[in-house]
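Next input, structure requested:
(chains A and B)
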Amino acid sequence: MKIATYNVNGVNGRLPVLLRWLEETQPDVVCLQELKAPQEKFPEQAILDAGYNAIWHGQKSWNGVAILSRNLPIQELKRGLPGDPEDEHSRYIEALVNGVVIGCLYLPNGNPAPGPKFDYKLSWFERLITHASGLLAKDIPVILTGDYNVIPTEIDVYKPERWLEDALFRPETRIAFKTLVDQGWTDAIRKLHPHEKVYTFYDYFRNAYGRDAGLRIDHFLLSPKIDKRLIAAGVDRNVRGWEKTSDHCPVWIELTDE
DNA sequence: ATGCCGGGCACCGCCCGA
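Residues are numbered from 1 along each chain as shown, chains lettered A, B, ... in the order given. Below is the predicted model:
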């Protein structure tokens, strides 16, 4: 089973790129972030025509997450991250697909830091840590994937010294990510590529992609009940070079069947 | 060193992303 995550940065503006990538790579399950579309503007028909079922949680202008599946039913489990009924952002959707709980998340950016946006990031992170702990306690196969907006370590950024004060790389952010992973999750990309430079995001400006000046901020965390099934993981870096492309690359993992 | 690019929305610029 191949599972991918892709921050599309606008699902409608990105539709030709998304459809081409789906056609070329045929993942079984896809988690999308930054739909930037209200619930009723999700391009459901185009996704269905491409051979994918979908559930999604839209929002006008910002955020928005979706889970797509080819040939496998999607049983929605959660819409919105538990822990704060006041939080209106569409940043989390969770479903059972092929016996695996898939959590698709778009963690807040948090800049500028410090400030209220950074506080929101850290509180959202705390809620994710709490929810993830509950999922682990169930002792079932779980994948938490998406745009974490976290640069976990120095090897995950082209020039770490420039990012020390940034919300993606500040100590509080890295500590929160480590706290989450240390619950027992496996960072799939790092597990299979322990020392390699792996980037999943490139700024649109300053020719970041051409200079390979990237960040690794899109992650797959696997629960102990599924981490032994991991056989491959990678980044579709070339997609970042397409016309009208997202600033993120698709990232994917492959699991053995059961 | 820097929203320098790009999407959405609402208008003809502004907010936001990382």
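
do the host helix or strand of A:Arg20 and DNA strand B meet?
A:Arg20 is part of helix A:15-25, with elements assigned from DSSP states H and E. No. Applying C-beta under 7 Å from any atom of the strand, one finds helix A:15-25 separated from DNA strand B by no less than 9.0 Å. All C-beta atoms are positioned from the backbone trio N, CA, C, and that covers glycine.

again with stretch A:55-75
Yes. Stretch A:55-75 reaches DNA strand B (C-beta under 7 Å from any atom of the strand) through A:Lys60, A:Ser61, A:Trp62.

Now do the buried residues in that stretch.
A:55-59, A:63-69, A:72, A:74 (16 or more other C-beta atoms under 10 Å).

and what of stretch A:11-27?
Those would be A:Val11, A:Arg14, A:Leu15, A:Val17, A:Leu18, A:Leu19, A:Trp21, A:Leu22, A:Pro27, for stretch A:11-27 by 16+ other C-beta under 10 Å.

The last one belongs to a strand?
No. Assigned with DSSP: H, G, I helix; E, B strand; the rest coil, A:Pro27 falls outside any strand and is coil.

show me what contacts it?
Going by C-beta atoms under 8 Å, 6 or more residues apart in numbering, A:Pro27 touches A:Lys2, A:Ile3, A:Ala4, A:Arg70, A:Trp252.

Distance from the chain centre to the lowest-mean-pLDDT helix or strand in chain A, please.
Within chain A, confidence by mean pLDDT, DSSP states H and E is lowest for helix A:208-211 among all helices and strands, at a mean of 92. Helix A:208-211 sits 22 Å away from the centroid of its parent chain (C-alpha atoms, centre = their mean, to the nearest Å).

what packs against the helix holding A:Arg20?
Helices and strands touching helix A:15-25, by 3 or more C-beta pairs under 8 Å, 6 or more residues apart in numbering; DSSP states H and E, are strand A:2-7.

Direction included, what does the strand it packs on pair against?
strand A:29-33 (parallel), strand A:251-255 (antiparallel) (DSSP bridges).

Can I get the helix or strand following the first one in PDB? Just the C-alpha atoms.
Using DSSP H and E, the helix or strand that follows strand A:29-33 in sequence is helix A:44-49. Coordinates of each C-alpha in helix A:44-49 appear next as PDB, following Å, rounded to 0.1, in the frame of the first residue of the first chain:
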ATOM      1  CA  GLU A  44     -15.000  16.200  -6.000                       C
ATOM      2  CA  GLN A  45     -16.000  15.200  -9.600                       C
ATOM      3  CA  ALA A  46     -12.500  15.700 -11.000                       C
ATOM      4  CA  ILE A  47     -11.100  13.600  -8.100                       C
ATOM      5  CA  LEU A  48     -13.800  10.900  -8.700                       C
ATOM      6  CA  ASP A  49     -13.100  10.900 -12.400                       C
END
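
wait, does helix A:44-49 contact DNA strand B?
No. Using C-beta under 7 Å from any atom of the strand, helix A:44-49 stays clear of DNA strand B, with a minimum separation of 13.6 Å.

No further queries at this time; thank you.
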